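J.: Requesting a structural model of the entry that follows:
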Amino acid sequence: MNIRAIILDDDPNSHKAACSALAEFPEVEVVGRFVSERELNVFLESSSADVLFLDIEIGEEFGFSVARRLRKTHPKLMIVFLTGHSSYAIDGYDFQPVNFLTKPINPVKLAQTVEEIKKRMKRNTEQRRAQLMFRLLQGYRVIDVRDILFIERSDRKNFLYTESEKLQITGYTMRELDEMLSEYGFFLCHQSFIVNLYRVEKLRDAGRQVYEAEVRGTKAVVPVSRNRYDKLKKELSELGIIEM
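T.: From the prediction side, this is the model:
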């Protein structure tokens, strides 16, 4: 498992110390080092990371303020707080950090932190179990969300696809289906398609502004809107399903 790590700290010596400590873990790759929140945000606009090692005191900025903003813009980014004062830990647990590491970084505590990061990443790549009830032309059907490959709207009708069935579901708009399924790992990739992120095997730029997603369990190819392609790619990257 490859862990993409980034560091936000205004002290160059702390950068070096953190990189040196993380170098002991071959599964961790430091893909970015920043001295300001602005630099961090520029990076996150086009790249992804699994975990941020965040100094609690960044110049005149307070690390918890940065964490609060990141929770809104990048909720899946894990945070490890770095601090010279252990008393800050009490205030920081609202952000559900992986850990607090006191400078200089203790190698034993860092090893425990890396293991916790791995556990959280593994949970992120496992689709949440849930059974939902759908209205069909006749009656209702309870379906495990993990069995749904994608949903298609065609000729003003909605069809739900599993590996073995194509079911017409009635009484829903695509927006309603998107709201129902998004918390279980589904994505509205096209105005007429909702895809199960955990079933996507490959994204393809077919040229001429045509984008497609290959879905495990079917030979069908799901179209992706041009204006949704980058967002879909980022969602898949943050789940650890594909790499950016």
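J.: hey, let's count contacts and neighbours off CA atoms from now on
T.: Fine.
J.: Next secondary structure after the helix-or-strand element of the chain with minimal mean pLDDT?
T.: Within the chain, no helix or strand scores below helix 89-92, which has a mean of 52 by mean pLDDT, DSSP states H and E. Proceeding N to C from helix 89-92, the next assigned helix or strand is strand 99-102, under DSSP states H and E.
J.: what is the rounded mean pLDDT of that following strand?
T.: Mean pLDDT, computed over strand 99-102, is 90.
J.: chain center to that strand, what's the gap?
T.: Here the centre of strand 99-102 is set off from its chain's centre by 23 Å, with CA atoms, centre = their mean, to the nearest Å.
J.: Would you mind confirming that residue 241 makes contact with residue 124?
T.: No: under the criterion of CA atoms under 8 Å, residue 241 is not in contact with residue 124, lying 9.5 Å apart.
J.: Between these two, which is the more surrounded one?
T.: Per other CA atoms under 10 Å, whichever of residue 241 and residue 124 has more neighbours is residue 241, with 19 against 16.
J.: Wait, residue 50 touches residue 78, no?
T.: Yes: contact criterion CA under 8 Å: residue 50 and residue 78 qualify, at 6.1 Å.
J.: which residues are in contact with the host helix or strand of residue 214?
T.: Residue 214 belongs to strand 210-215 when elements are defined using DSSP H and E. Residues from elsewhere that reach strand 210-215 (CA atoms under 8 Å, 6 or more residues apart in numbering): 149, 199-206, 220-226, 229.
J.: Narrow these to those that are buried.
T.: Buried by 16 or more other CA atoms under 10 Å: 149, 199, 200, 203, 222, 223, 224, 225, 229, out of the contacts of strand 210-215.
J.: so which of the residues you listed would you say is closest to residue 13?
T.: Closest approach to residue 13 among those (CA to CA): residue 229, at 39.1 Å.
J.: Please tell me how far the closest one sits from residue 188.
T.: Using CA to CA, to the nearest Å, residue 229 is found at 10 Å from residue 188.
J.: for this structure, what's the longest helix?
T.: If each helix of the chain is counted by residues according to DSSP state H, the longest one is helix 107-124.
J.: Show me which residues of that one are buried.
T.: Those would be 110, 113, 114, 117, 118, 121, 124, for helix 107-124 by 16+ other CA under 10 Å.
J.: farthest pair in those?
T.: Largest separation among the buried residues of helix 107-124 by CA to CA: 110 and 124, giving 20.9 Å.
J.: Please parse this structure into its domains.
T.: Annotated domains of the chain cover 3-124, 131-238 [automatic domain parsing].
J.: And those domains, which one averages the lowest pLDDT?
T.: Ranked by mean pLDDT, these end with domain 3-124 at the bottom, a mean of 87.
J.: and that domain, how far apart are its ends?
T.: 13 Å.
J.: how far out from the middle of the chain is it?
T.: Its chain's C-alpha centre and that of domain 3-124 lie 16 Å apart, by CA atoms, centre = their mean.
J.: Stretch 234-244 too?
T.: Per CA atoms, centre = their mean, the centroid offset for stretch 234-244 relative to its chain is 6 Å.
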